[in-house]
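Enquirer: let me see the structure of the following:
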Amino acid sequence: MAKKVVGLLLALAMVAVMFVACTPAPAPAPEAPSQAAPASEAPSSEAPASEAPVAEGKLVGLTMPTKSLQRWNEDGAYVKAALEERGYKVDLQYADNKQEVQNSQIENQITMGADILVIASIDGGALGGVLEQAKAAGIPVIAYDRLLTNTDKCDYYATFDNYGVGKMQAEAMVSALGLDKGEKGPFNIEIFGGSPDDNNAHIIHQAHMDVIQPYLDSGALIITSGQIDMEQIGIQNWDSATAQKRMEDLLTAYYADKDVKAVLCSNDSTAHGVIAALKSAGYGKPDKPYPIVTGQDCDKINLGHIERGEQYMSIFKDTRILAQEIVKMVDAILSGKEPETNTTYDNKVIQVPTLGCKLQLVTKDNWKEVVIDSGYYKIEDIPLEETE
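Expert: Alright, predicted model coming up:
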């Protein structure tokens with residue numbers, strides 16, 4: 001009897017062992033879905049550990065237009081660092097504002113076996129040949145802050161709201177002049193566009209005109225030079241020296257007996273040139289105050305202008321956020337998933353799925369809070385004292 005009991009116990013033990021060995025391990029608890037960070041906060045660069053293998057051995061071809069503007073140096077550095085932190089290999093190239101150089105750089109990245117291309121173009125409509133090569137090689141393409149136009153090979157677009165930039169600039173000018181509070185004017189103004197070969201410049205200019213056209217029609221605003229078309233107001237490569245020369249010419253030709261009250265500049269580099277011309281012409285004195293000057297990008301030198309009252313406003317576009325959104329896009333695409341988008345842009349061939357990041361108005365009242373307290377710049381980076 002004892003032997004039977006022992007045998008029965010041994011049999012039960014063997015069954016228990018087999019049951020445990022064959023029972024699957026419990027699945028890990030699902031993670032809560034991540035929420036998009038507010039525009040004022042940089043999204044975390046950390047991705048779930050389970051997704052890490054996506055980046056292993058993958059090469060991202062990253063091309064930027066130039067090192068001559070502060071913002072592109074920052075964009076390139078932020079995007080490269082964010083991708084490398086994620087585990088990607090990155091080939092970062094700057095093209096010195098020469099389209100043929102950028103095309104050659106992208107060709108080289110295709111030859112190197114890039115898994116995906118992120119392109120901040122010089123002329124968004126002049127990359128047709130290399131984009132066809134990318135298409136033939138099955139390489140996805142993300143347009144970075146400048147839309148790639150006249151092509152069906154622009155898979156996604158990550159940007160700030162360029163129409164919103166122009167609208168915010170023009171509305172800030174209108175408000176600073178008091179037109180939204182009943183002021184009748186007339187106020188003499190001039191407009192400075194961006195680079196004519198940059199699609200963003202045309203979007204911004206359209207937004208400017210949509211806002212100010214009613215005031216032009218009513219006579220509250222007067223463009224004294226009469227120069228309003230992009231062919232007249234565009235500043236090639238957004239160049240400060242070119243903007244300064246144009247402003248000097250306008251002041252000489254049209255403002256010998258009157259003052260300009262506002263200059264609607266499309267970005268900070270053109271605003272910097274305009275301010276240099278205004279200084280030379282004697283503006284910035286109690287009897288000849290600076291006009292309202294707009295901008296975007298929050299370049300360090302322009303924050304000095306804002307602090308000293310030489311420039312009225314700029315727009316903060318936190319490139320840390322855009323860099324992290326690019327990483328998310330790259331991860332999704334290379335995982336065979338659809339990346340998050342929130343709008344589309346017409347590139348004259350297709351509607352490009354687009355992720356538009358938010359903007360923040362910056363004036364003398366809040367620039368330190370926005371760009372210093374957020375850790376984007378250090379206060380010692382900003383030239384607060386006037387320099388020649």
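Enquirer: which residues are in contact with residue 153?
Expert: Residue 153 makes contact with 131, 132, 134, 135, 141 under the criterion CB atoms under 8 Å, 6 or more residues apart in numbering. Using the backbone N, CA and C atoms, a C-beta is placed for each residue, glycine as well.
Enquirer: ok, so what distance separates it from residue 247?
Expert: 39 Å (CB to CB, to the nearest Å).
Enquirer: now the strands for the stretch 251-388 of the chain?
Expert: 262-265, 292-293, 314-316, 343-346, 351-357, 360-362 (DSSP state E, counting those that start in this stretch).
Enquirer: and these as CSV, adding mean neighbour count and distance to residue 98?
Expert: Output for these, formatted as CSV (neighbours: other CB atoms under 10 Å; distance: least, CB to CB, whole Å):
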stretch, mean neighbour count, distance to residue 98
strand 262-265, 28, 25
strand 292-293, 25, 30
strand 314-316, 25, 28
strand 343-346, 14, 25
strand 351-357, 18, 25
strand 360-362, 19, 32
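Enquirer: between those strands, which one is nearest to residue 326?
Expert: Evaluated over the strands of the stretch 251-388 of the chain, closeness to residue 326 peaks at strand 351-357, with 9.0 Å, by CB to CB.
Enquirer: would you map the helices across the chain?
Expert: 2-22, 70-86, 99-111, 128-136, 162-176, 199-218, 230-233, 240-254, 268-280, 300-307, 319-334, 367 (DSSP state H).
Enquirer: so which of these is the most packed in?
Expert: Compared across the helices of the chain, helix 268-280 shows the largest average neighbour count, a mean of 24 (mean count of other CB atoms under 10 Å).
Enquirer: for that helix, C-alpha coordinates in PDB please.
Expert: Extracted in PDB, the C-alpha atoms of helix 268-280 (Å, rounded to 0.1, in the frame of the first residue of the first chain):
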ATOM      1  CA  ASP A 268      15.200  87.500 -38.000                       C
ATOM      2  CA  SER A 269      18.100  87.600 -40.500                       C
ATOM      3  CA  THR A 270      16.200  90.000 -42.800                       C
ATOM      4  CA  ALA A 271      15.100  92.000 -39.700                       C
ATOM      5  CA  HIS A 272      18.800  92.200 -38.600                       C
ATOM      6  CA  GLY A 273      19.700  93.800 -41.900                       C
ATOM      7  CA  VAL A 274      16.800  96.200 -41.800                       C
ATOM      8  CA  ILE A 275      17.700  97.300 -38.300                       C
ATOM      9  CA  ALA A 276      21.300  98.000 -39.400                       C
ATOM     10  CA  ALA A 277      19.900 100.300 -42.200                       C
ATOM     11  CA  LEU A 278      17.500 102.000 -39.800                       C
ATOM     12  CA  LYS A 279      20.400 102.700 -37.300                       C
ATOM     13  CA  SER A 280      22.500 104.200 -40.100                       C
END
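Enquirer: what about this structure, any weak spots by pLDDT?
Expert: Low-confidence regions of the chain, defined by pLDDT under 70, span residues 1-53, 387-388.
Enquirer: returning to that earlier point: reformat the strands of the stretch 251-388 of the chain as CSV; add distance to residue 102.
Expert: Formatted as CSV, these follow (distance: least, CB to CB, whole Å):
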stretch, distance to residue 102
strand 262-265, 26
strand 292-293, 31
strand 314-316, 26
strand 343-346, 20
strand 351-357, 19
strand 360-362, 30
